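> Sharing a model that was predicted from the sequence below.
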Amino acid sequence: MSLKPDTNLMVAHDGRWLARYVPSALHAYPFSLGKAEGDTRVLCVDEDSGLLTDGIEGEPFFDVAGAASDSLVRRLDLLRKIERSRLQTGHACELLASQELIRPWRISITEGASERQVEGLFQIDESVLNEISDEVFLELRRLGALPMAYCQLLSMQNLPLLYELADARRNRSSFASSGGDFSLQCDEQLRFDWG
């Protein structure tokens, strides 16, 4: 969601979410599933999130009978779905890697006069994907890895949007001094309103 660590370009200066898609992990926050002994999963909550209270405001975790509240049950169901998806994604990535379809994604960012590399990202090697045998193609499709490969390739076209958002954030001080704002519209273009 950014071009550098500890920055989220999908959140505007006033807290608005700028993207169309909100990751499931954000919907579940401040809850997560932790791993206990063996494969047992436990519900965890980030007590430092600032979202918990001992007061009457907000939603309780449990009802008067001590059962989990509807809200907590929904979050737990979401976390279970996220965990199933994480396991499926891991398996699909292993399959793609076994066919040498995953390679490092080289991204260079120019900041002023300097250039830096973004490390730790990977992409589908489209040239290898186009050359795999029909048998491997069908196996990747059968095991659910093929949609992930195509989704990654399609998602790469969002990279220029990150550049635009980073530029807009850097120039925000000039927007603010002009009374302006920027927001993401349905056509995924930045709109500049100068008030």
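Nice, I can see it.

> you'd agree residue 115 is up against residue 106?
No - judged on CB atoms under 8 Å, residue 115 makes no contact with residue 106 at a distance of 12.0 Å. Every C-beta, even on glycine, is put in place using the N, C-alpha and C of the backbone.

> how far away is residue 64 from residue 29?
Using CB to CB, to the nearest Å, one obtains 26 Å as the distance from residue 64 to residue 29.

> So between the two, which is more surrounded?
residue 29 (14 against 6; other CB atoms under 10 Å).

> quick one, what contacts that one?
46, 49, 51 (CB atoms under 8 Å, 6 or more residues apart in numbering).

> let's go with 10 Å and repeat that
Going by CB atoms under 10 Å, 6 or more residues apart in numbering, residue 29 touches 23, 45, 46, 49, 51, 75.

> quick one: pLDDT of it?
On the pLDDT scale, residue 29 is placed at 89.

> Equivalent analysis for the one 5 residues further on, please.
At residue 34, the predicted lDDT confidence score is 90.

> Next, it: phi, psi?
When read as degrees, to the nearest 10, the backbone of residue 34 gives phi -100, psi 160.

> By residue count, what's the longest helix in the protein?
helix 70-98 (DSSP state H).

> out of the contacts of residue 29, which are inside strands?
Members of those lying in strands (criterion: DSSP state E): residue 45.

> List the buried residues in stretch 69-85.
72, 75, 76, 79, 82 (16 or more other CB atoms under 10 Å).

> And those, which is closest to residue 156?
Distance to residue 156, by CB to CB, is smallest for residue 82 among the buried residues of stretch 69-85, at 23.6 Å.

> ok, now which ones touch the spatially most central residue of the chain?
Centrality entry for the chain: nearest residue to the mean C-alpha point is residue 23, 4.9 Å, by CA atoms, centre = their mean. Contacts for residue 23 (CB under 10 Å, 6+ apart) come out as 1, 10, 29, 82.

> Mind picking the two most distant members of the residues you listed?
Across these (CB to CB), the longest gap, 18.5 Å, separates 10 and 82.

> what are the ranges of the helices in the protein?
24-28, 70-98, 126-129, 134-142, 145-155, 159-170, 172-177.

> how about those helices, which one is nearest residue 119?
helix 159-170 (15.2 Å).

> If you drop the residues flanking it in sequence, what lies closest to residue 140?
Residue nearest to residue 140 in three dimensions, not counting chain neighbours: residue 146, with 4.4 Å by CB to CB, 6 or more residues apart in numbering.

> List the residues that contact that neighbour.
92, 95, 96, 101, 129, 132, 136, 137, 138, 139, 140.

> quick revisit: how about the buried residues of stretch 69-85 in CSV, adding distance to residue 5 and pLDDT?
Output for the buried residues of stretch 69-85, formatted as CSV (distance: CB to CB, whole Å; pLDDT from 0 to 100):
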residue, distance to residue 5, pLDDT
72, 32, 90
75, 27, 91
76, 30, 92
79, 25, 94
82, 23, 93
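
> So which of those residues is the closest to residue 35?
residue 79 (12.4 Å).
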